[in-house]
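Enquirer: Coordinates for the following, if possible.
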Amino acid sequence: MKSLALVFRLIVAALLLGRALTSFAQAVPAGSPGLGSSNAAKKPGGIEIVSELMPPARARPFKATELAGYVMVYFKDETHSAYLAISRDGYTFTDLNGGQPVFDGANLAEQKGVRDPHLTRGPDGAFYLAMTDLHIFGKRAGLRETEWQRPQEKYGWGNNRALVLMKSWDLIHWTHSDFRVDLAFPALGDIDCAWAPETTYDPVAGKMMVYFTIRYGNKNANIYYAYANDAFTKLETTPQMIRTIGGIDGDLTHVGDQWHLFYVGGAKILHAVSKEITQGYVAETRRIDPETKATEAPNVFKRLGTDIYVLMYDVYGARPNNMGFSETKDFVTYKDLGHFNEGVMRGTNFERPKHGAVSYLTLDELKAVAAHWNVPIDLK
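Expert: Prediction:
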């Protein structure tokens, strides 16, 4: 009997230990120190947020001839999250993660929502992702008691103050920072908002430059720029205004010895040119996009192996909304390609992306991303 009692006590102890271990594993995020794996927290969407990134041995800028595919980032109002889609030819894109968000705004942002994602590659070969930290339906979603974080009468629509900054070499492992612009730079004063960040490399400064919209007094909105640290977790310099133009939603493209700045004024796409990245812009007066409805969020990408540039823009005034596209070789004349899924630009498993951006992949990267998310795509 004593032996049976001993066996019973051992079984009970084992069951209790199993429950304790299960509770501990559920309480500690996956990848936390002490669980015998890397310090990474898995997020829904097939990505991992890591505390730091180790650059690959061959981290370097890619030659144009090495690039063989495209990656698009965009967001949706319904989820306040960001998505990725890939393409071999730059015309037909396939959404990753089964059409579900890759970047969950609830886990990445102070306001539990992200908007206006922009993705680019740096000279180190890394991907740089910047987004607006803003949930426009926060009250409806039960995330706050007021329509906006601060009174709309004083600070206007949205009135967010944080930018989400993320960096990756493989589109899977990412660092993450939710950066409060106003707290980092008190000299800016009482800003209304920090919106629509984009990133490019400034070859003169030798740094990644983040440029975004800052608004004051619910009326004065302009594009500002600042330089990021190498880890892309914060801005290191006080944002400065890009003068000689007004407007919001800037997008910079370097062609030859000129910087082309597409931006938004009066709910239409405008264009300016300068030989210097942060000053001296001379603006055209005409509307560049062919739309009759309100537009925003211009983004330019080049068709690989050609001298053709694609200007993409969000036709948010359309019902339902959609993305529009125009092609140019000289930034003077433009060919209207129509809207997404209504012309040559198409999605195989999604429609009507909002405020997007397109960057590039090597063939090996395209294959790796397609395999990771189990996406069928023609790689020929």
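Enquirer: quick one, what contacts the most centrally placed residue in the chain?
Expert: Most central in the chain under Cα atoms, centre = their mean is residue 117, positioned 2.8 Å from the mean C-alpha point. Residue 117 makes contact with 73, 74, 75, 82, 103, 129, 130, 131, 355, 356, 357 under the criterion Cβ atoms under 8 Å, 6 or more residues apart in numbering. C-betas here are computed from N, CA, C, even on glycine.
Enquirer: can we see that at 10 Å?
Expert: Counting by Cβ atoms under 10 Å, 6 or more residues apart in numbering, residue 117 touches 72-75, 81-84, 102-103, 105, 129-132, 164, 166, 196-198, 354-357.
Enquirer: next one: residue 212
Expert: Counted by Cβ under 10 Å, 6+ apart, residue 212 has contacts 116, 118, 130, 132, 163, 181, 193-199, 223-226, 235, 239, 248-250.
Enquirer: Helix, strand or coil: sort out the closest residue to residue 139 other than its chain neighbours for me.
Expert: Leaving aside its sequence neighbours, residue 139 sits nearest to residue 147 (Cβ to Cβ, 6 or more residues apart in numbering; 5.3 Å). Here residue 147 is recorded as coil under DSSP: H, G, I helix; E, B strand; the rest coil.
Enquirer: do the same with residue 182
Expert: With three-state DSSP as the criterion, residue 182 reads helix.
Enquirer: pLDDT score assigned to the closest residue to it other than its chain neighbours?
Expert: Using Cβ to Cβ, 6+ apart and skipping the chain neighbours, the partner closest in space to residue 182 is residue 161 (4.5 Å). You'll see residue 161 listed with a pLDDT of 98.
Enquirer: close enough to count as contact, residue 161 and residue 180?
Expert: Yes: assessed by Cβ atoms under 10 Å, residue 161 is found in contact with residue 180 at 5.7 Å.
Enquirer: Pick out whichever of the two has more residues nearby.
Expert: residue 161 (26 against 15; other Cβ atoms under 10 Å).
Enquirer: ok now do that one, which residues does it touch?
Expert: 110-111, 133-134, 149-150, 155, 179-184, 188, 190-195, 214.
Enquirer: Who are the contact partners of the residue nearest to residue 139?
Expert: Here residue 147 is in contact with 136, 137, 138, 139, 140, 157, 159 (Cβ under 10 Å, 6+ apart).
Enquirer: Now do the SS call for the fifth one.
Expert: The assignment at residue 140 comes out as coil when based on three-state DSSP.
Enquirer: Against residue 78, how distant is it?
Expert: 12 Å (Cβ to Cβ, to the nearest Å).
Enquirer: pLDDT weak spots in the stretch 101-250 of the chain?
Expert: For the stretch 101-250 of the chain, applying pLDDT under 70 flags no range at all.
Enquirer: Can you show me the strands along it?
Expert: With DSSP state E, counting those that start in this stretch as the criterion, the stretch 101-250 of the chain has strands at 114-121, 127-133, 162-168, 173-180, 193-202, 207-216, 220-227, 240-241, 248-255.
Enquirer: ok, and for the fourth one, which residues are buried?
Expert: Same thing as strand 173-180. Neighbour-count burial for strand 173-180, counted by 16 or more other Cβ atoms under 10 Å, picks out 173, 174, 175, 176, 177, 178, 179.
Enquirer: The closest residue in space to residue 115 that isn't next to it in sequence bridge partners, please.
Expert: Spatial nearest neighbour of residue 115, excluding adjacent residues (Cβ to Cβ, 6+ apart): residue 132 at 4.4 Å. Per DSSP bridges, the residues bridged to residue 132 are residue 115, residue 163.
Enquirer: give me the number of residues near residue 132?
Expert: For residue 132, using other Cβ under 10 Å, the count is 27.
Enquirer: what's it in contact with, if anything?
Expert: Contacts of residue 132 by Cβ under 10 Å, 6+ apart are 75, 105, 109, 111, 113-118, 158, 160, 162-164, 193-197, 212-213, 355.
Enquirer: ok, now residue 354?
Expert: 74-78, 82-83, 115-117, 296-297, 314-316, 321-323.
Enquirer: related to what we said a few turns ago, of the contacts of residue 147, just say which sits nearest to residue 268.
Expert: residue 157 (18.5 Å; Cβ to Cβ).
Enquirer: Distance check, that closest one against residue 219.
Expert: Residue 157 is 11 Å from residue 219, by Cβ to Cβ.
Enquirer: residues shared between the contacts of these two?
Expert: With Cβ under 10 Å, 6+ apart as the test, residue 157 and residue 219 both reach residue 192.
Enquirer: Same drill for the two, tell me which one is more crowded.
Expert: With neighbours defined as other Cβ under 10 Å, residue 157 and residue 219 compare such that residue 157 has more, 14 against 8.
Enquirer: The nearest residue to that one once chain neighbours are set aside and residue 135: what is the separation?
Expert: With sequence-adjacent residues excluded and distances taken as Cβ to Cβ, 6+ apart, residue 157 is closest to residue 148, at 7.5 Å. Distance of residue 148 to residue 135, given as Cβ to Cβ: 10 Å.
Enquirer: The two: which is more packed in?
Expert: It is residue 135, of residue 148 and residue 135, that has more neighbours when counted by other Cβ under 10 Å, with 25 against 20.
Enquirer: what separates the closest residue to that one other than its chain neighbours from residue 294, distance-wise?
Expert: Distance criterion Cβ to Cβ, 6+ apart; nearest residue to residue 135, sequence neighbours excluded, is residue 113 at 3.0 Å. In this view, residue 113 and residue 294 are 22 Å apart by Cβ to Cβ.
Enquirer: Understood, closing this out.
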